[in-house]
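Peer 1: Okay, sequence plus prediction incoming.
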Amino acid sequence: MVTEQSRQYLDIIVEMTGLRPSAYEVKDVDKNDPLQIYDLPPGKPTLFNIGSHLIWCPKYRRKVLVGEVAERLKELLLQKAREIGVEIAQMEVMPDHVHLFVKTTPTVSPHFIVHQLKGYTSRVLREEFPSLKSRLPSLWTRSYYCESVGHISEETIRKYIEDQKGK
């Protein structure tokens, strides 16, 4: 059973985001009634919507992500993402860089995601495509870009927190 304080907190989340905890299976209740849908399974009293836009490039920004290499890279990224519990909501492989929009839980950091995906894909692609070994000392640069993406803007959150002073 969800405590009254937890229920109030979850009501605030729904008010701010419009999100519903639809990831949790609820039986025999009115799903439009927030008081009923917050009876979440034990150990799962968290709502989250965490997305990240990730970008990284091959070493020297070489245009090696084409043809069979690009297709195999997509397969490997999806495979490894499933393995580490990350959803790739959108993916674009360009000849000289990779764009991913990933959704994850609060316990998985973008740093972990990027290093898992880059390490795994580099190893497998360089084994399967020897030409990548001869052209590059390593497949990926050590750097990457990460931007958090959410349902609500920073401005909305700041305004909501500021408005709490008057309550």
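Peer 2: Yep, it's here.

Peer 1: just for this structure, where's the confidence low?
Peer 2: For the chain, the stretches with pLDDT under 70 are 1-46, 151-154, 157-158, 160-161, 164-167.

Peer 1: in it, which spans are helices?
Peer 2: For the chain, the helices defined by DSSP state H cover 4-17, 34-37, 67-84, 110-128, 130-135, 154-163.

Peer 1: measure stretch 147-155 end to end?
Peer 2: Length of stretch 147-155, first residue to last, CA to CA, to the nearest Å: 16 Å.

Peer 1: And stretch 135-143, by the same measure?
Peer 2: 19 Å.

Peer 1: Just the residues contacting that stretch, thanks.
Peer 2: Identification of contacts with stretch 135-143 by CB atoms under 8 Å, 6 or more residues apart in numbering yields 56-62, 64, 118, 121-122, 125-126, 132. Placement of C-beta: from N, CA and C, glycine included.

Peer 1: Can you tell me which of these are buried?
Peer 2: 56-59, 64, 118, 121-122, 125-126, 132 (16 or more other CB atoms under 10 Å).

Peer 1: between those, which is nearest residue 162?
Peer 2: residue 56 (36.5 Å; CB to CB).

Peer 1: Kindly state the domain boundaries assigned to this protein.
Peer 2: For the chain, the structural domains run 4-47, 50-149, going by automatic domain parsing.

Peer 1: what's the closest of these to residue 159?
Peer 2: Across the domains of the chain, residue 159 has its closest neighbour in domain 4-47 (10.1 Å, CB to CB).
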